[in-house]
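Chemist: sequence-free structure coming up:
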DNA sequence: CGGTATTCTAGAATTATGTTCTAGTCAATG
DNA sequence: CATTGACTAGAACATAATTCTAGAATACCG
């Protein structure tokens, strides 16, 4: 979004692609659409990204990395477990609120890649978050590491499910109404309050 | 799966398509693949389904309907709220365990359709479940109707998130290990035990 | 029944789309 | 400068989606 990519050419391609993906879906956007929207030639697009999925993947990677950065930052400061959980929910919702287009792309892309083999770096990000959160939970005396991971995934899924439908309307009032309720449910999941 | 469709032609097309989608993803399967796998001519495929997405959508619809039928059956019998929740988690997991191919397709397809406009019947199914569950929760004195809906979606998301990764391995031991934990988390979400 | 309309099947023809290729431009480097 | 390597451009190509035309099967109606 702000800093999609250093190289201005790559950046223009990615921005154009993201707009197209949001407007007509990944299947519905052709390389030519992206070419027209970015004014970068077809050859150049292929030079930088290899193929269409390469563009989608680059966007996915950027999005996931940016989002995880926001969440990891939260785990850096030492706070109460309850506060941390509330804070993570905040960060998660905020990120999607502030990056709705990228967010929609994450949803669009994430379930496409059952087959794909590109993503070890991304799995590592998820792992890092789970590890760090697991440490924190252990320090606070909350069950075992694996229990914490399991609960985190559950909460993530709950928030995801809300966001999936929220991204259709992108109504900020609805988001703010949901925020405290999602936080409460997240805490309840952990048996906290 | 058992009764994908009445018409044997449609059925063979759908079965072939599902196999292909699972093997090589929706983007990776061509109409010709489906043609070869089903031995139904291209013209006939288009006659029945309009286009490739039409096939994917038909499968999606069948899957969703079948799954919701299983869940609605559960809400028919009058049981304790806690038992009902545990039972719904059971049904949800069981359905994916027994229909893993269709399940994978549901995931693949669900996030593709931000743009598509086909799905009012399907939204109605989700509504029906939420309504029926909401009634039950109210009868049991659990918060308001909207609170119940919100919690249901949250729990659904939590289970979905587990299933998303489970569908990659489809390890039955892992599923059974997760089952009671997911049930407990679901109950905790509702503040029950 | 016999004819007629309708649905269904088949595969060739057409069109759209992803990808590759060739040639040329630009920028950095020795 | 000359050379190299990265980058850009758009035409050419290959593949895949979709449409078309014609014929076969089936249902409908007098």
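Modeler: All right, it came through fine. Treat the numbers as computed from the prediction; the structure is a model and nothing was measured.
Chemist: grab the nearest non-local neighbour of residue A:9.
Modeler: residue A:40 (6.0 Å; Cβ to Cβ, 6 or more residues apart in numbering or on different chains). Every residue, glycine included, has its C-beta placed from N, CA and C.
Chemist: give the contact list for the one you found.
Modeler: By Cβ atoms under 8 Å, 6 or more residues apart in numbering or on different chains, the contact set of residue A:40 is A:9, A:12-13, A:16.
Chemist: make it 10 Å
Modeler: Residues counted as contacts of residue A:40 (Cβ atoms under 10 Å, 6 or more residues apart in numbering or on different chains) are A:8-10, A:12-13, A:16, A:34, A:47-48.
Chemist: ok, which stretches of chain A are helices?
Modeler: A:8-28, A:31-38, A:42-49, A:52-76, A:81-98, A:100-110, A:120-139, A:145-169, A:172-189 (DSSP state H).
Chemist: got CSV for those, with mean neighbour count and distance to residue B:173 too?
Modeler: Below are these laid out as CSV (neighbours: other Cβ atoms under 10 Å in any protein chain shown; distance: least, Cβ to Cβ, whole Å):
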stretch, mean neighbour count, distance to residue B:173
helix A:8-28, 19, 35
helix A:31-38, 17, 44
helix A:42-49, 15, 40
helix A:52-76, 18, 29
helix A:81-98, 19, 30
helix A:100-110, 21, 26
helix A:120-139, 15, 21
helix A:145-169, 20, 15
helix A:172-189, 17, 24
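Chemist: out of those, which gets the lowest mean score?
Modeler: Among the helices of chain A, helix A:120-139 carries the lowest mean pLDDT, at a mean of 90.
Chemist: ok, and the closest non-adjacent residue to the most centrally placed residue in chain A?
Modeler: Residue closest to the average C-alpha location in chain A (Cα atoms, centre = their mean): residue A:64, at 4.4 Å. Nearest residue to residue A:64, sequence neighbours excluded (Cβ to Cβ, 6+ apart): residue A:122, at 5.4 Å.
Chemist: isn't the one you found right next to residue A:60, touching?
Modeler: Yes: Residue A:122 is within contact range of residue A:60, at 7.7 Å (criterion: Cβ atoms under 10 Å).
Chemist: so what does the residue nearest to residue A:9 have for phi and psi?
Modeler: Phi and psi for residue A:40, reported as degrees, to the nearest 10, are phi -110, psi 140.
Chemist: tell me the pLDDT at residue A:3?
Modeler: So residue A:3 comes in at 57 (pLDDT).
Chemist: what does residue A:144 give?
Modeler: Residue A:144 is assigned 87 on the pLDDT scale.
Chemist: burial of it, as a residue count?
Modeler: Neighbours of residue A:144 under the rule other Cβ atoms under 10 Å in any protein chain shown: 11.
Chemist: could you measure from the residue nearest to residue A:64 over to DNA strand D?
Modeler: 24 Å (Cβ to the nearest atom of the strand, to the nearest Å).
Chemist: contacts only, for residue A:69.
Modeler: By Cβ under 10 Å, 6+ apart, the residues touching residue A:69 are A:91, A:95, A:125.
Chemist: need the contact list for residue A:65.
Modeler: Neighbours of residue A:65 in contact, by Cβ under 10 Å, 6+ apart: A:121-122, A:125.
Chemist: now do residue A:64
Modeler: A:102, A:106, A:109-110, A:119, A:121-123, A:125-126.
Chemist: determine which two of those are furthest apart.
Modeler: A:102 and A:123 (19.1 Å; Cβ to Cβ).
Chemist: by proximity to DNA strand C, which residue of chain A wins?
Modeler: Using Cβ to the nearest atom of the strand, residue A:30 is the residue of chain A that sits closest to DNA strand C, at 3.0 Å.
Chemist: what's around that residue, how many residues?
Modeler: Neighbour tally, residue A:30, other Cβ under 10 Å: 12.
Chemist: which residues does it contact?
Modeler: Residue A:30 is in contact with A:20, A:24, A:36, A:52, counting by Cβ under 10 Å, 6+ apart.
Chemist: interface residues of chain A facing DNA strand C?
Modeler: A:29-32, A:42-43, A:46, A:50-53 (Cβ under 7 Å from any atom of the strand).
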